[in-house]
Each structure stands twice: as C-alpha cells, then as structure tokens.
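**Q** 3D, please:
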Amino acid sequence: MPEANIARHTEGMPKPAARVPMTADEVLRELRALGDPRWREGMAHFGISTEVALGVSVPKLRALAKRAGRDHALAQALWQSGIHEARALAAMVAEPAKVTRREMDRWAGDLASWDVCDACCFELWVRTPHAHEKGVAWSASKKEFVKRAAFALMAALAVHDKAASDAVFRRYLPIIRREAGDERNFVKKAVNWALRQIGKRNRKLNAAAIACAERIRADGTRAGRWTASDALRELRSEPVQRRLRSSSSPRRRKGAKDR
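**A** Numbering: from 1, shown residues only. Modelled structure (predicted):
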C-alpha cells in the first residue's frame, strides 16, 4: 500500500497509549488488594514463611509485573518494603543490566524464603554479568538462603546460559561435591538441582555429573547419599539419555532418505 494511502487509513486512529510508570505505593496497594488469606495459609504448607506475606499467587504477580514493566528504581523500592510478594515482584521488574555485585549481595543477604530466592535467580540474576561469579562466591556461605541462591543460580545458568562452555560447568562440580553434605533441606535440594541441570545440558556434562554423583555417594554423608541417588536416577533415566542422544546427533539434511 502506498505511503499516502497508509496515512489516509491511519488518520484519526487512536495512537497506542504509552506505558505509565507505576509508583511503589501504587504497586503495594494493588498487592494488598490482591492478597488472599487462603492462599497465604497454603504458602505455609510449602515451607514459605508467611510472617510478611500477603497471599498473592505467582500468576497474579506476573500479570502485575507485565503491567509495571522493567523499572529498576521501582524494583529497589519494592525490595525495601520487605513484603514477601513485593520482593518476588522486584525480581521480575528489575533491570539486569543495572544490577551491581553489591546489590546482589545485599538482596541475597535479605533472603528468607526459597521462592523469593528462586525468583531472584531465575527471573533476574541469571541475566546479569555477575551470575557465574556469585554462584561460586555464595556457595560457601553459612546463611541458608544465600547458599541456596548459589546452587539455584548454577541450575538457572545450566538451563539458560547457552553460550557458556562445558568447562564453566565442570568447575561447579567439585563445589557441588564439597557442599553436598549440607543437611539443610533448602540447601540440599538446590545442590541436587544444580547437579541434575548440569548433567542434562549435554552428553559430556551428563557423564561428568554422573561421575560427580558417584563420588558424592562414596563420600558417605546422609545428605550426599540422597543427592547422589536422586540425581543418578534422573541422569541415567531413559528419557534424559534419549534426549541427549537426539540433541547430539547430526541433523539429517532436508529430504534425505533413511539408508
């Protein structure tokens, strides 16, 4: 269609409204309105502290995050509120490029639940240039949720950092082995998670993760035996092995016949 015709057809049509930035007070009011006491009670059954929670479901948080858009100043204000759902939302609206090492350390030190921890790792920190560095640095922390963040971040990187080399993830395996004896439930599960995700990345890392799990099992700690057995069950399973074989096989040329 000629440009003149396009102009005539679009003349008088309303222009899309520009997104109006939301203030922290507006967002917090909406969060309080969305709070559901029954959902809040259910959170406690999943090991989530509800002391500062409102009871807002994740789908509702995502819908609100979509409306708010990426806004780092808003994220910082929401985090400062201390409200459980506001902190989860902060991870969804923060701008990865503006996240500093110091801010990551500060937020990690504030973590008090596994779900906000995992939201920070998968929604935000995995997209920052400091992700691999902090995964290593936090792995020896004595704080339960800082340490969980280290291994949840390793799991997130194994899934999302397509450009990272195998060598990067091989360096995580001795750390996973070193910390596999931690009995704390939320740490133990994250250590296991990191090991499984690394082992599902490709066939070479699968073999390396299986070898690591065998060493962890031989170390003999109770938590380590659970981590190793659970990881080996998945990493050696036929569905995982079949997917890894398929992903490593050369693709047939279009139209090529089976020989």
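**Q** the residue nearest to residue 227 when sequence neighbours are not counted: which element?
**A** Spatial nearest neighbour of residue 227, chain neighbours left out: residue 192 (4.5 Å); criterion: CB to CB, 6 or more residues apart in numbering. Glycine gets a C-beta too; all of them are placed from N, C-alpha and C. Per DSSP states H and E: residue 192 is located in helix 185-199.
**Q** now do residue 176
**A** Assigning secondary structure by DSSP H and E places residue 176 in helix 172-179.
**Q** hmm, who's touching that helix?
**A** 135-136, 139-140, 147, 151, 154, 187, 191, 194-195, 198, 208-209, 212, 215-216, 219 (CB atoms under 8 Å, 6 or more residues apart in numbering).
**Q** Throw together a ChimeraX command that grabs the buried residues out of those.
**A** Provided next is the ChimeraX selection string for whichever of the contacts of helix 172-179 are buried by 16 or more other CB atoms under 10 Å:
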select :135,139,147,151,154,187,191,194,195,198,208,209,212,215,216
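**Q** so of the contacts of helix 172-179, which ones are in helices?
**A** Within these, residues falling in helices by DSSP state H are 135-136, 147, 151, 154, 187, 191, 194-195, 198, 208-209, 212, 215-216, 219.
**Q** follow-up on the earlier one: model confidence score at the residue nearest to residue 227, please.
**A** If you check residue 192, the pLDDT there is 98.
**Q** OK, contacts around it?
**A** Applying CB under 8 Å, 6+ apart to residue 192 gives the contacts 226-227, 230-231.
**Q** show the pLDDT at the closest residue to residue 137 other than its chain neighbours.
**A** Spatial nearest neighbour of residue 137, chain neighbours left out: residue 150 (7.5 Å); criterion: CB to CB, 6+ apart. Looking at residue 150, its pLDDT reads 98.
**Q** wait, residue 150 sits on residue 135?
**A** Yes - with contacts counted by CB atoms under 8 Å, residue 150 reaches residue 135, the gap being 5.3 Å.
**Q** which stretches of this structure aren't confidently modelled?
**A** By pLDDT under 70, the weakly predicted segments of the chain are 1-20, 249-259.
**Q** domain assignment for it?
**A** The chain breaks down by automatic domain parsing into domains covering 21-94, 114-247.
**Q** ranking those domains by burial, who's on top?
**A** Of these, the one with the most neighbours on average (mean count of other CB atoms under 10 Å) is domain 114-247, at a mean of 19.
**Q** how close does residue 184 sit to residue 119?
**A** Plainly put, residue 184 is 20 Å away from residue 119 if you go by CB to CB, to the nearest Å.
**Q** quick one: residue 247 from residue 110, how far?
**A** In this view, residue 247 and residue 110 are 38 Å apart by CB to CB.
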